[in-house]
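1. Dropping the sequence and predicted coords here.
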Amino acid sequence: MPAAVAAGHPATAEVGRAILAAGGSAADAAVAAALTSCVAETVMTGLGGGGFASYLDPASGSVHCLDFFTAVPGLGATRAAAPLTHVDVRFGGVPLDFSVGAPSVAVPGVPAGLAELHRRWGRLPWPEVVRPAAELAEQGAPLPEAHARTLVDMRHVMLPGDGAAAYAPGGGLLAAGEVLRHPGLADALRLIATRGPAAFYAGELGRRAVQAVAEGGGLLGLDDLAAYRVEEVRVVSAGFAGALVRGRVDLLDTVGTFAALPPDLPALDTGARALALAGVLGGAPDGPGDTTSVSVVDSDGGACVVTTSLGVGAGVWVPGYGVHLNSMLGEGELFSDRHRPGDRMASMMCPLVVTTAVDGAVDVPVLAVGAAGASRIRSALLQVVTGVLVDGLPPADAIMAPRLHVAGRVAHVEPGVPAEATGALQGAGYEVTRWPTLAHYFGGVSAVGLGGAGADPRRGGAVALL
């Protein structure tokens with residue numbers, strides 16, 4: 001296993017590598033990289049979002065998962081929220097419906113979650129871990145081509161408020177290679193470096209966020225911020241291809257889906273394998289899936305995977321600080337009328353650590369892997385992990401392999417999916433939709449494992465080896 005970082009942007013990966021080189025643990029590197037993603041990958045994520053982290057302790061082999069996803073606001077609210085704003089977006093011709101605006105903003109968890117991850121398993125001082133992201137925020141980061149394409153689709157959400165100054169500083173949308181810079185974001189990160197998460201949950205950043213949301217008719221309040229807590233959640237496991245897939249129970253039961261795959265999967269022909277995959281994926285709802293993931297393995301055998309998201313972003317920003325707030329209450333598959341203020345929301349995100357036992361004693365990682373992409377998270381993880389563990393591919397090759405995704409009775413396939421697979425799917429009654437290129441729609445995977453590291457070109461990913 002190499003000591004390496006796989007992430008959604010070259011700057012994100014390089015910051016994680018530098019933290020490893022400075023003696024940081026996998027948790028230190030993952031936190032620094034995730035904070036950097038909140039600077040360089042703001043089309044996908046940000047400080048105003050939520051997420052999850054899985055961490056393997058190299059000494060004990062135990063795996064822990066922290067839930068710092070968003071919570072439902074409204075504690076102490078004396079009024080109802082204003083109506084949501086509906087927006088239609090198409091990724092590669094596939095319509096994805098969601099709602100935005102201040103009423104879609106849930107209680108953010110990223111600042112608290114990353115601080116807790118560092119507190120439990122970090123080695124370096126907190127300010128040292130935050131500093132690279134703040135420095136990058138000062139100078140800005142080049143916009144990857146994959147992010148530039150997504151920005152075109154998401155412009156109606158990204159440009160309101162402070163978004164125009166970042167994504168269209170000259171009046172037109174940033175193009176690939178141009179520098180993305182969020183005015184004020186460096187100041188926000190310096191406040192977090194100095195005061196920790198209290199800068200957001202009991203300080204200037206939180207007060208301004210609450211004011212901005214209230215002005216737009218949302219319910220996020222100071223009581224909600226004060227009550228927010230990071231939760232450690234149960235880790236489940238499934239035996240697969242001689243290894244143990246370990247992660248949380250997500251909305252789509254990704255770990256359970258590994259267990260549902262037929263035990264003779266390696267012996268199946270191409271068509272039968274495609275039908276087996278389609279059968280376990282079922283008809284998950286489709287959502288936009290603007291998310292990113294960081295996977296890290298350190299020289300001690302520690303592993304950490306962090307997945308974060310803004311939803312698509314509410315179009316509401318913390319004034320003067322360059323922080324875009326999430327739109328999780330506008331995602332119908334995550335939020336319903338059954339939720340009450342203070343409830344933790346569900347998510348499809350599922351950072352995984354795959355392990356195998358050494359002499360029956362301490363489990364060691366063979367793959368640290370996370371994915372972005374809403375309902376495509378599960379299908380992307382299943383196919384990449386299968387590529388590594390069953391087909392013996394290096395992580396980079398498994399990520400590059402063409403994918404399929406099943407939504408109801410429609411099977412979406414990327415170019416390169418074998419004709420035997422598409423023929424079997426059609427024969428079983430699936431409507432096959434062929435995509436012209438590898439696409440954002442099929443999710444973004446970051447992985448470090450036996451055979452190296454890989455990051456998804458579909459979303460501008462990059463790796464950095466120690």
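-> On my side now, so go ahead.

2. Run the chain-centre distance for stretch 301-320.
-> 7 Å (CA atoms, centre = their mean, to the nearest Å).

3. hang on, isn't Ala77 packed against Leu219?
-> Yes - using CB atoms under 8 Å, Ala77 is in contact with Leu219, at 4.9 Å. C-beta: built from backbone N, CA, C; applies to glycine.

4. which residues are common contacts for the two?
-> Counting by CB atoms under 8 Å, 6 or more residues apart in numbering, the shared contacts of Ala77 and Leu219 are Pro341.

5. These two - which one has more neighbours?
-> Leu219 (26 against 15; other CB atoms under 10 Å).

6. Can you point out the buried residues in stretch 73-85?
-> Of the residues in stretch 73-85, 73-75, 81, 84-85 count as buried by neighbour count, 16 or more other CB atoms under 10 Å.

7. go on, stretch 110-122?
-> Buried, per 16+ other CB under 10 Å, within stretch 110-122: 110-118, 121-122.

8. Not counting that stretch itself, show me its contacts.
-> For stretch 110-122, the external contacting residues (CB under 8 Å, 6+ apart) are 24-28, 30-31, 34-35, 38, 45-53, 55, 57, 64, 66-68, 126, 129, 192, 196-197, 199-201, 228-230, 302, 304, 306, 308.

9. hmm, which of those residues are the buried ones?
-> Looking at those with 16+ other CB under 10 Å, the buried ones turn out to be 24-28, 30-31, 34-35, 38, 45-53, 55, 57, 64, 66-68, 126, 129, 192, 196-197, 199-201, 228, 230, 302, 304, 306, 308.

10. Looking at those residues, which are in strands?
-> 50-53, 55, 64, 66-68, 304, 306, 308 (DSSP state E).

11. From those residues, pick the one nearest Val280.
-> Nearest to Val280 among these is Phe52, at 21.9 Å by CB to CB.

12. so the closest one touches Pro351, yeah?
-> Yes - taking CB under 8 Å as the definition, Phe52 is a contact partner of Pro351 at 5.6 Å.

13. Can you pull the residues that touch both of those two?
-> 65, 248, 306-307.

14. how about the residue lying closest to Leu329 once chain neighbours are set aside, what does it touch?
-> With sequence-adjacent residues excluded and distances taken as CB to CB, 6 or more residues apart in numbering, Leu329 is closest to Ser104, at 4.6 Å. Counting by CB under 8 Å, 6+ apart, Ser104 touches 84-85, 218, 311, 314, 326-330.

15. low-scoring pLDDT stretches of the stretch 1-150 of the chain, where are they?
-> Scanning the stretch 1-150 of the chain for pLDDT under 70 picks out 90-96.

16. Assign a three-state SS to His182, would you?
-> Here His182 is recorded as coil under DSSP: H, G, I helix; E, B strand; the rest coil.

17. what about it, distance to Pro125?
-> 25 Å (CB to CB, to the nearest Å).

18. Of those two, which one has the most company?
-> His182 (24 against 12).

19. Leu220 versus that one, what's the distance?
-> Look at His182 and Leu220: by CB to CB, they are 20 Å apart.

20. Tell me how far Val390 lies from Val384.
-> Applying CB to CB, the value for Val390 to Val384 is 11 Å.

21. More neighbours: those two, which one.
-> Counted by other CB under 10 Å, Val390 and Val384 do not tie: Val384 has more neighbours, with 29 against 17.

22. Please identify the helix or strand for the more buried one.
-> Element membership for Val384 (DSSP states H and E) is helix 376-389.

23. Please apply the same query to Pro365.
-> strand 363-372.

24. Adjacent strands (with direction) for that strand?
-> Strand 363-372 has these partner strands in its sheet, going by DSSP bridges: strand 352-357 (antiparallel), strand 444-449 (antiparallel).

25. Packed most tightly, which of those strands would that be?
-> Comparing the strands paired with strand 363-372 by mean neighbour count (mean count of other CB atoms under 10 Å), strand 444-449 ranks first with a mean of 32.

26. Can you show me the CA trace of that one as PDB?
-> Output of strand 444-449 as PDB, limited to C-alpha atoms (Å, rounded to 0.1, in the frame of the first residue of the first chain):
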ATOM      1  CA  GLY A 444     -16.400  10.600  -9.000                       C
ATOM      2  CA  VAL A 445     -14.200   8.000  -7.200                       C
ATOM      3  CA  SER A 446     -11.000   8.600  -5.200                       C
ATOM      4  CA  ALA A 447      -9.100   5.500  -4.100                       C
ATOM      5  CA  VAL A 448      -5.800   4.500  -2.600                       C
ATOM      6  CA  GLY A 449      -5.000   0.700  -2.500                       C
END
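
27. Could I get the average pLDDT for it?
-> Throughout strand 444-449, pLDDT has a mean value of 97.

28. quick one: it to strand 303-309, angle?
-> 170 degrees (axes from the mean of the first three to the mean of the last three CA atoms, to 10 degrees).

29. and strand 444-449, how far out from the chain's middle?
-> In terms of CA atoms, centre = their mean, the centre of strand 444-449 is set 12 Å apart from its chain centre.

30. Okay, now the sheet partners of the helix or strand following it, with direction.
-> Note on strand 444-449: by DSSP H and E, the next helix or strand toward the C-terminus is strand 452-455. Sheet pairing for strand 452-455, assigned by DSSP bridges, gives strand 444-449 (antiparallel).

31. mean confidence for stretch 279-289?
-> Stretch 279-289 comes out at a mean pLDDT of 68.

32. Please report phi then psi for Gly322.
-> When quoted as degrees, to the nearest 10, the phi and psi of Gly322 stand at phi 60, psi 30.

33. again with Val249
-> Per degrees, to the nearest 10, the backbone of Val249 is at phi -90, psi 110.

34. If we ignore the residues flanking it in sequence, what's nearest it?
-> Val249 sits nearest to Val236 (CB to CB, 6+ apart), 5.7 Å away.

35. what's near enough to touch the one you found?
-> 246-249, 255-256.

36. Recalculate using a threshold of 10 Å.
-> Taking CB atoms under 10 Å, 6 or more residues apart in numbering, we find Val236 in contact with 63, 65, 245-249, 253-256, 259.

37. tell me which of the contacts of Ser104 is nearest to Ala165?
-> Nearest to Ala165, judged by CB to CB, of those is Ala314 at 16.8 Å.

38. How many residues are close by the closest one?
-> 33.

39. Is it in contact with Thr70, as I believe?
-> No - using CB atoms under 10 Å, Ala314 is not in contact with Thr70; the gap is 11.1 Å.
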